[in-house]
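Novice: have a look; sequence and predicted model below, questions after that.
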Amino acid sequence: MADRIDPVQEEFENELRDQLRARSAPPEFADRLMLRIEQSRPPAPRFFRFRPLWGWATVAALLAISVFSGVEHDRRQRIAGEHARQQVLLALRITGTTLRQVQAKVNDTTPAQSGATTSE
């Protein structure tokens, strides 16, 4: 009894099998489908209609900004380098002055000490 299939169920399965069987599409199906896709596509916004113009303007603006920022960076680097050079020159002047003062003191005290050592 368990091997026997209900006639209603058997009919349902046969109909289902028939509906799921592969069939070829009608010849004009692809053309109709492509036409419907084209018709259902919304029109492009006005902004994108002038896309080439906006695109080139954007590219030009970005290029100008990058060139300007590169020039500005180079200018700031040059100013920082000049400032560092001035600091080094000032430090050398201060060091030179200090060394001359120390040398003068050493030279002033050296004869008195050397004279004292030679008299002993």
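Specialist: Sure, I can see it.
Novice: alpha carbons only for contacts and neighbour counts from here, please
Specialist: Noted.
Novice: how far away is Ile5 from Val106?
Specialist: To Val106, Ile5 is 125 Å away according to Cα to Cα, to the nearest Å.
Novice: go on, Ala30?
Specialist: According to Cα to Cα, Ala30 stands 105 Å off from Val106.
Novice: which pLDDT value belongs to Arg85?
Specialist: Per-residue pLDDT puts Arg85 at 96.
Novice: so which helix or strand takes in it?
Specialist: Using DSSP states H and E, Arg85 sits within helix 51-119.
Novice: so where's the protein uncertain?
Specialist: The chain contains residues with pLDDT under 70 at 1-3, 44-51, 110-120.
Novice: could you rerun that using 80?
Specialist: For the chain, the stretches with pLDDT under 80 are 1-5, 41-54, 110-120.
Novice: give me the distance between Arg100 and Ile65.
Specialist: Taking Cα to Cα as the measure, Arg100 and Ile65 are separated by 52 Å.
Novice: for Leu35, same thing?
Specialist: For Leu35, the distance to Ile65 - Cα to Cα - is 45 Å.
Novice: check Arg93 too.
Specialist: Between Arg93 and Ile65 the distance is 42 Å, computed by Cα to Cα.
Novice: now do Pro43
Specialist: Applying Cα to Cα, the value for Pro43 to Ile65 is 34 Å.
Novice: same check on Gln77?
Specialist: 18 Å.
Novice: same thing with Ala25?
Specialist: To Ile65, Ala25 is 57 Å away according to Cα to Cα.
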